[in-house]
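Participant: Have a look at this prediction, sequence included:
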Amino acid sequence: MKNILVIGSTGQIGSELTMILRKTHPEGTVVAGYIPGAEPKGELLESGPSEVADVRNGQQLSDIVGKYRIDTIYNLAALLSAVAERKPLMAWDIQMNGLLNILEVARENGCAVFTPSSIGSFGPSTPKTDTPQDTIQRPTSMYGVTKVATELLSDYYHSKYGLDTRSVRFPGLISYTTLPGGGTTDYAVEIYYAAVKGEEFVCPIAAGTFMDMMYMPDALRAAIEIMEADPARLIHRNSFNIASMSFDPEILAAAIRKEIPDFKMRYEVDPVREAIAQSWPDRMDDSCARAEWGWAPRYDLETMTKDMIVNLKKKLQP
Ligand code: AKB
């Protein structure tokens, strides 16, 4: 990786990934791709070039790839699961037509492509615990449908054209930098903001509903390490299960109470998000990622919670 285009650079993952790539690849150029209305600001804007990169505009992507001699594309453009249920056609347009544009531009220019998949690519007929790498994928949400299709299309471009496509199935991602927008797992971020502000948290996910989750530093490392992995070792490509922790709202609240003992939570379950969460695995088996490219998480619930609270206290102080 030398010259990299991050599409969706101002989102929850992109805003942090772009900055890390700029620091770790000082010899190259890391272009922050964004859509109008979500312009980069501050350090993200000042530390390198940025360009409007709408995945629905193939010519625009082709121009950026040519201008900066891009060799690697991180495609982080997506409507998350709860929003995709409200806007299924737009989700399809961004996730599928957008991906096709990216893969075509990558094919013409020899770029490697990372397009994340998700725990959302699984469905109610998938084994819920120790979800295998290769298993039933029959999701019932539009987000999940696009994620399975993303995996298949990315693998197709690899086998048909030799394109270097690789990716991971992200769990719910937790960070203190940029808020997620419209996912089923967002509660696991919002709960920390409420706790640090001293507010009661109203939880949209039911007690007893487990999902895989991951702290953002581990997720960013995974996104970089999979793209730098020795291709000769990769049996799989799109996409690898990666896991680090699994909890329900009760376990998360208990972990927060170890740091903030008077934290309070009550439930107002959102039926849309709860139904999606119920259809996802409780915990994935990530042994293929461990064996094929050395994946290992560094954070667990306790260390993540301590770090989230310390950093949110700094961020939210008046
Ligand atoms: C969502 O909740 O939609 C995402 C995901 C798990 O892919 N965070």
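Facilitator: It's in.

Participant: Check the residue of the chain found nearest the ligand and give its pLDDT.
Facilitator: Across the chain, the shortest distance to the ligand (C-beta to the nearest ligand atom) belongs to Gly183, at 2.7 Å. Bear in mind the C-beta positions are built from the backbone N, C-alpha and C, glycine included. At Gly183, the pLDDT value in this model is 96.

Participant: Show me what counts as buried in the helix or strand Ala223 falls within.
Facilitator: Using DSSP states H and E, Ala223 falls within helix 216-228. Using 16 or more other C-beta atoms under 10 Å as the burial criterion, the residues of helix 216-228 that qualify are 216-227.

Participant: and the nearest residue to Ala207 once chain neighbours are set aside, how many neighbours?
Facilitator: Distances taken as C-beta to C-beta, 6 or more residues apart in numbering place Glu250 nearest to Ala207, at 5.0 Å, with adjacent residues excluded. Residue neighbour count, defined by other C-beta atoms under 10 Å, stands at 15 for Glu250.

Participant: so Glu250 is in which element?
Facilitator: Using DSSP H and E, Glu250 falls in helix 249-259.

Participant: Any idea how far that helix is from the middle of the chain?
Facilitator: Relative to the centre of its chain, helix 249-259 is centred 23 Å away, using C-alpha atoms, centre = their mean, to the nearest Å.

Participant: all strands of the stretch 1-150 of the chain, in order?
Facilitator: In the stretch 1-150 of the chain, the strands defined using DSSP state E, counting those that start in this stretch lie at 4-7, 30-34, 50-52, 72-75, 112-114, 117-118, 129-131.

Participant: Which of the ones you listed sits closest to Glu199?
Facilitator: strand 117-118 (28.7 Å; C-beta to C-beta).

Participant: Mind listing residues that contact the closest one?
Facilitator: By C-beta atoms under 8 Å, 6 or more residues apart in numbering, the residues outside strand 117-118 that reach it are 81, 143-144, 147-148, 150-151, 167-171, 238-239.

Participant: Paired strands for it, with orientation please.
Facilitator: strand 168-170 (parallel) (DSSP bridges).

Participant: what element comes up after the strand it pairs with heading to the C-terminus?
Facilitator: The C-terminal neighbour of strand 168-170 among helices and strands, as given by DSSP H and E, is strand 172-174.

Participant: buried stuff in that following strand?
Facilitator: Quick answer for strand 172-174 (16+ other C-beta under 10 Å): 172-174.

Participant: Same question for stretch 274-291.
Facilitator: 276-277, 279-286, 288-290.

Participant: Tell me how far Ala232 lies from Ile136.
Facilitator: 29 Å (C-beta to C-beta, to the nearest Å).

Participant: ok, of the buried residues of stretch 274-291, which one's closest to Thr305?
Facilitator: Using C-beta to C-beta, the buried residues of stretch 274-291 come closest to Thr305 at Arg283, 18.3 Å.

Participant: Could you find the closest non-adjacent residue to that closest one?
Facilitator: Here the residue nearest Arg283, using C-beta to C-beta, 6+ apart, is Ser246, at 4.0 Å.
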